[in-house]
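Colleague: Any chance you could fold what I've pasted below:
(one chain, ligands or ions: 1)
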Amino acid sequence: MSERVERGRGRGDVDDYEQHGGFPVYRATEDDGGPDFGRLVEALRTIQDLGVSTAPPPDVVRRAAEQAEALVALLEPHRVPEGQQPGGRSMGLPGRGSLLMMPWTVEKFDATGVRSTGVFRRFHMGGNGAAHGGTLPLLFDDLFGMITHAYGRPISRTGYLHVNYRKITPIDTRLTVEGQVDRVDGRKTFVSARLVDAEGTLLADCEALMVVLLPGQP
Ligand SMILES: CCCCCCCCCCCCCCCC(=O)SCCNC(=O)CCNC(=O)[C@H](O)C(C)(C)COP(=O)(O)OP(=O)(O)OC[C@H]1O[C@@H](n2cnc3c(N)ncnc32)[C@H](O)[C@@H]1OP(=O)(O)O
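Modeller: Next up, the predicted model:
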């Protein structure tokens with residue numbers, strides 16, 4: 001581990017670390033939401049894929065709408081406040097079980113950096129087989145959140161995020177994203193990451209500034 005990484009561990013800021021600005025307390029689930037939560041999230045993601053890639057006849061659309069509405073009615077009574085839902089807190093599931101995040105799997109998570117692999121699905125397509133340009137900042141932003149967390153920094157907000165789109169990012173193709181903390185300066189954590197394909201070809205790179213929140217800051 002480089003001296004720069006060690007210095008940035010942020011353990012001199014233990015009080016700040018416990019505080020996390022004005023954020024509610026977030027803890028990882030112990031059971032990834034139970035035995036069937038991963039199945040549910042995966043089925044919902046596949047519905048998202050099918051929702052943008054099928055052209056069913058009217059009677060199928062009607063039956064699908066009825067079944068979707070029945071599912072909404074089933075889940076609706078079980079809303080909980082932020083931080084209590086398993087979605088986004090289930091570290092053992094792709095995308096931590098969040099429907100918003102890329103359903104990627106974290107392979108490395110420590111102070112030297114975070115690496116994650118996965119595919120952009122049909123639901124993420126912009127056009128002509130390429131991932132939508134807006135999905136890459138989402139991938140990088142979430143990675144940077146994990147990188148600052150793994151580095152020992154308190155929850156931080158993204159100040160800026162700069163993506164260089166080097167090549168078309170294909171859907172349905174296994175890719176790897178990896179990044180790390182480059183430098184720490186007070187509340188500022190400078191981070192960067194690269195998205196590559198299986199051959200190591202650079203598809204996009206990104207650099208960002210994550211700013212540690214002040215007490216009570218939203
Ligand atoms: C389940 C349990 C396990 C979890 C396991 C871990 C998983 C965890 C994953 C989470 C993943 C989520 C990660 C998403 C992260 C977002 O996406 S956050 C949402 C997007 N970002 C925002 O909404 C931020 C909106 N902006 C703000 O709130 C405020 O502008 C900021 C960024 C907090 C900064 O405001 P401020 O506190 O007033 O501070 P300010 O003095 O302006 O700036 C501080 C320093 O940063 C500099 N700065 C600020 N902005 C900029 C800029 N754009 N350019 C250059 N410099 C800047 C300032 O110049 C200043 O520098 P110094 O003068 O100190 O040298």
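Colleague: Around the ligand, which positions in this protein sit nearby?
Modeller: 26-28, 89, 141-142, 145-146, 149, 157-160, 186-188, 209, 211, 214, 217 (C-beta under 6 Å from any ligand atom). Any C-beta I mention is one placed from the backbone N, CA and C, and that applies to glycine too.
Colleague: Which of these fall in strands?
Modeller: Judged by DSSP state E, these include Arg157, Thr158, Gly159, Tyr160, Lys188, Leu209, Val211 as members of strands.
Colleague: shouldn't the third one be in contact with Val212?
Modeller: No - Gly159 is not in contact with Val212 according to C-beta atoms under 8 Å; the separation is 10.5 Å.
Colleague: and for those two, which residues touch both?
Modeller: Listed as contacting both Gly159 and Val212 by C-beta atoms under 8 Å, 6 or more residues apart in numbering are Lys188.
Colleague: Contacts for stretch 125-137 next, please.
Modeller: Applying C-beta under 8 Å, 6+ apart, the set of residues contacting stretch 125-137 is 52, 102, 120, 124, 161, 163, 165, 168-171, 195, 204, 206.
Colleague: actually stretch 114-122, not the one I typed
Modeller: By C-beta under 8 Å, 6+ apart, stretch 114-122 touches 45, 48-49, 52-53, 94-95, 102-108, 131, 135, 143, 146-147, 150, 169-180.
Colleague: Mark which of these are part of helices, please.
Modeller: Secondary structure from DSSP state H places Arg45, Gln48, Asp49, Thr135, Leu143, Met146, Ile147, Ala150 of these in helices.
Colleague: Serialize the residues you listed to a markdown table and add fields for neighbour count and pLDDT.
Modeller: Listed next are those as a markdown table, based on neighbours: other C-beta atoms under 10 Å; pLDDT from 0 to 100:
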| residue | neighbour count | pLDDT |
| --- | --- | --- |
| Arg45 | 16 | 98 |
| Gln48 | 15 | 97 |
| Asp49 | 16 | 98 |
| Thr135 | 19 | 98 |
| Leu143 | 26 | 98 |
| Met146 | 17 | 95 |
| Ile147 | 28 | 98 |
| Ala150 | 18 | 96 |
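Colleague: out of these, what pair is the most spread apart?
Modeller: Asp49 and Ala150 (30.0 Å; C-beta to C-beta).
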